[in-house]
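Engineer: How does the following fold in three dimensions:
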Amino acid sequence: MIKVAINRDFFACRDLVITPKIVVFPLNKEGLNSEQEPASLLARKYRPELAATGGDVLGETREFFADEINWVGVVCYSLDTMPFWDDAHRYIYKQLLCLPDQEIAVWLPSRRRFDNPEAFDKLVRGLENSGKSVILYTS
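Structural biologist: The predicted model follows:
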């Protein structure tokens, strides 16, 4: 279930809500993330290698620990497939099911940045159906 939805990036409003210990964010298979996507923002702040992952398999995860948070990047879409985000909900949902039952933040690009807005809606439904307590950040 989505406990709260916040239309700002995680760093801009981190102190406004209880900070979860786990944050899930999307990665693309090719490792080519736009400047405003969570992976690029995290690469600048913590892990430069996130800026150009590339060669990953859909469903794989890249995890690291920083600022007392377990950051979980899920390779969930490919720039080679149109629409890009069409199956992303499956990979994010599957990863949520593997995480402990505690509050989890999911940080996604905003709906308007999706090539197919229906894919964003599928992601949100997956978060709601996961049975996890989710704080959704969109930027």
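Engineer: Could you tell me which residues within the helix or strand of the chain with the lowest mean pLDDT count as buried?
Structural biologist: Lowest mean confidence among the helices and strands of the chain (mean pLDDT, DSSP states H and E): helix 10-13, at a mean of 78. Neighbour-count burial for helix 10-13 flags residue 10 (criterion: 16 or more other CB atoms under 10 Å). For glycine as for every other residue, the C-beta is placed from the backbone atoms N, C-alpha and C.
Engineer: Work out the gap between the very next helix or strand once past that helix and the centre of the chain.
Structural biologist: Counting by DSSP states H and E, the next helix or strand C-terminal to helix 10-13 is strand 22-28. Its chain's C-alpha centre and that of strand 22-28 lie 3 Å apart, by CA atoms, centre = their mean, to the nearest Å.
Engineer: Distance of residue 134 relative to residue 5?
Structural biologist: Going from residue 134 to residue 5 by CB to CB, to the nearest Å gives 9 Å.
Engineer: Spit out the contact partners of residue 101.
Structural biologist: Residues near residue 101 by CB atoms under 8 Å, 6 or more residues apart in numbering: residue 132.
Engineer: how about it, secondary structure?
Structural biologist: Under the three-state scheme (DSSP: H, G, I helix; E, B strand; the rest coil), residue 101 adopts coil.
Engineer: do the same with residue 89
Structural biologist: At residue 89, secondary structure determined by three-state DSSP is helix.
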